[in-house]
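Asker: For reference, the sequence and a predicted model appear below.
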Amino acid sequence: MARELRCKDPIVEVRGLYVNFYTYAGVVKAIEDVSFCIERGETYCLVGETGCGKSVTSRALTRLIRPPGRIERGEIIYYPEPGKPVDIMKLSEEELNRIRGNEIAYIFQDPGAALDPLYVIGYQVSETMLVHGKIRKLKEGIGRAVELLRRTLIPDPESRVKAYPHELSGGMRQRSVISIGLANKPKLLIADEPTTALDATVQAQVMELLRRLKREEGLTLLLITHNMGLVAEMCDRVAVMYAGHIVEEAPVVELFRRPMHPYTRALLRAVPDPTRKIEKLESIPGTVPNLVNPPPGCRFHPRCPHAMPVCSQRRPPYTRVSESHYVACWLYPEKA
Ligand SMILES: Nc1ncnc2c1ncn2[C@@H]1O[C@H](COP(=O)(O)OP(=O)(O)OP(=O)(O)O)[C@@H](O)[C@H]1O
Ligand code: NI
């Protein structure tokens, strides 16, 4: 039932993705039939409450799902260049390692965990380049590291390359992580809540930086966030996820102007504290369901104020409500 994808020049296409986690408590059906494409050069956003599958989806793009997790099925096609598909599901680990951290790079939320406390920043930036054969000796990388730190607006980069992570502020550490992410000039940068741990001012600076890098380097950005303000500011298109499924996708202006799915509407009403994760939506009772036994049909139906009998029986198909606006909800049956 994978929906038709309509990117003109996709950098990534995902079709019918399913990811399970095999835990002692049972099989967690974390991702269910997720399909989307990312247009080369755009900023594509995944939003939704905590546990709805944003991180798992983004990690699956390079098969970065560790046991007990497993990609059950789905198609993941990466286009390093237009018209040159690479089937991610068919690559060997070795081939994947050449792409990960290189052409497709990640910036994770916690800069503490991404940096090694034992090594100076310059070393860590150079090492990423060395691993991917961009330089032959670590030393060669130091000059480039200084340049990258300068580009991520780290003041006095010549001395900061010699600093250990603990000698830097949280904002500087996250900029260093971004430098590492950018070291190999990725085509696709996946930023998973990159500013959640930072205060509002630094968060704004880091976002401005990402925007500038996107402009200057022609980067494609997949941004994961729970912050609707950031979505409005940064994104071209948005996918709203609920309990492992994309329930709505639209260009950002369209999503804010005409949210269709009851869950999207609730998200937009929630206006959460931007410094915190969306743990709970005040306007909608209940919480994200246990995904060992997800509700049948539409996974949102137990919390939906508009639930009808069909909602608990069958999963709603996607309805195309306008040019590039899709919603999976029985309130909007496909026009015959
Ligand atoms: N290692 C794991 N073992 C078991 N279940 C997992 C594991 N990792 C993720 N999951 C499950 O997969 C689902 C999706 O998790 P994911 O981390 O993608 O959510 P998220 O949308 O990124 O949330 P957050 O906003 O908190 O980062 C959750 O139900 C979670 O419990
Ligand atoms: Ni996450």
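Answerer: That came through fine. Ligands and ions are numbered 1, 2, ... in the order given.
Asker: Please make it C-alpha for all contacts and neighbour counts, starting now.
Answerer: Fine.
Asker: just checking, residue 333 touches residue 319?
Answerer: Yes - assessed by C-alpha atoms under 8 Å, residue 333 is found in contact with residue 319 at 6.7 Å.
Asker: At the contact with ligand 1, which residues of this structure appear?
Answerer: Within the chain, the positions adjacent to ligand 1 are 21, 28, 30, 49, 50, 51, 52, 53, 54, 55, 56, 291 by C-alpha under 6 Å from any ligand atom.
Asker: what sits against residue 316?
Answerer: By C-alpha atoms under 8 Å, 6 or more residues apart in numbering, residue 316 lies in contact with 297, 298, 328, 329, 330.
Asker: check contacts around the fourth one.
Answerer: The neighbours of residue 329, taking C-alpha under 8 Å, 6+ apart as the test, are 247, 261, 298, 316, 317, 318, 319.
Asker: tell me the SS of the nearest residue to the third one once chain neighbours are set aside?
Answerer: Residue nearest to residue 298 in three dimensions, not counting chain neighbours: residue 315, with 4.8 Å by C-alpha to C-alpha, 6 or more residues apart in numbering. Classification of residue 315 using DSSP: H, G, I helix; E, B strand; the rest coil returns coil.
Asker: Skipping its backbone neighbours, what lies nearest residue 162 in space?
Answerer: Using C-alpha to C-alpha, 6+ apart, the nearest residue to residue 162 is residue 120, at 5.4 Å.
Asker: any weak-confidence spans in the stretch 201-336 of the chain?
Answerer: Scanning the stretch 201-336 of the chain for pLDDT under 70 picks out 271-285, 335-336.
Asker: the strands in it, which residues?
Answerer: Taking DSSP state E, counting those that start in this stretch as the criterion, the stretch 201-336 of the chain carries its strands at 220-224, 237-242, 245-251, 318-322, 325-328.
Asker: need those in CSV with mean neighbour count and distance to residue 10, can you?
Answerer: Below are these laid out as CSV (neighbours: other C-alpha atoms under 10 Å; distance: least, C-alpha to C-alpha, whole Å):
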stretch, mean neighbour count, distance to residue 10
strand 220-224, 25, 10
strand 237-242, 25, 13
strand 245-251, 24, 15
strand 318-322, 17, 19
strand 325-328, 23, 17
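Asker: For those strands, give me TSV that also has distance to residue 181.
Answerer: Shown next, in TSV, are those (distance: least, C-alpha to C-alpha, whole Å):
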stretch	distance to residue 181
strand 220-224	12
strand 237-242	22
strand 245-251	26
strand 318-322	35
strand 325-328	31
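Asker: Read off the pLDDT value for the closest residue to residue 101 other than its chain neighbours.
Answerer: With sequence-adjacent residues excluded and distances taken as C-alpha to C-alpha, 6+ apart, residue 101 is closest to residue 181, at 6.8 Å. Predicted confidence (pLDDT) for residue 181: 89.
Asker: when you give positions from now on, start the count at 610
Answerer: Sure, I'll start counting at 610 from here, so that last one is residue 790.
Asker: roughly how far apart are residue 790 and ligand 1?
Answerer: 19 Å (C-alpha to the nearest ligand atom, to the nearest Å).
Asker: what residues are up against residue 739?
Answerer: So residue 739 contacts 745, 746, 747, 750 (C-alpha under 8 Å, 6+ apart).
Asker: With residue 816 instead?
Answerer: residue 843.
Asker: let's go with 10 Å and repeat that
Answerer: 803, 804, 822, 839, 842, 843 (C-alpha atoms under 10 Å, 6 or more residues apart in numbering).
Asker: next one: residue 695
Answerer: Counting by C-alpha under 10 Å, 6+ apart, residue 695 makes contact with 621, 685, 686, 687, 688, 689.
Asker: one more time with 8 Å
Answerer: 686, 687, 688, 689.
Asker: neighbour-wise, which of these leads?
Answerer: Neighbour counts for those peak at residue 687, which has 24 neighbours (criterion: other C-alpha atoms under 10 Å).
Asker: Tell me how far that residue lies from residue 718.
Answerer: From residue 687 over to residue 718 the distance is 24 Å, taken as C-alpha to C-alpha, to the nearest Å.
Asker: quick one, what contacts the closest residue to ligand 1 within the stretch 760-909 of the chain?
Answerer: Here the stretch 760-909 of the chain gets closest to ligand 1 at one residue, residue 900, 5.9 Å apart by C-alpha to the nearest ligand atom. Residue 900 makes contact with 636, 637, 638, 639, 852 under the criterion C-alpha under 8 Å, 6+ apart.
Asker: Now these in CSV, please, with extra columns for secondary structure and distance to residue 811.
Answerer: Putting these into CSV (DSSP: H, G, I helix; E, B strand; the rest coil; distance: C-alpha to C-alpha, whole Å) gives the following:
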residue, secondary structure, distance to residue 811
636, strand, 39
637, strand, 36
638, strand, 36
639, strand, 32
852, coil, 31
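Asker: Mark which of these are buried, thanks.
Answerer: Listed as buried from the contacts of residue 900 are 637, 638, 639, 852; burial here means 16 or more other C-alpha atoms under 10 Å.
Asker: Tell me if I'm right that the first one and residue 661 touch.
Answerer: By that I understand residue 637. No - between residue 637 and residue 661 there is no contact under C-alpha under 8 Å: 11.8 Å.
Asker: residues of stretch 905-915 that come out buried?
Answerer: 907, 908, 909, 910, 911, 912, 913.
Asker: From what I see, residue 622 and residue 649 are in contact.
Answerer: No - judged on C-alpha under 8 Å, residue 622 makes no contact with residue 649 at a distance of 10.9 Å.
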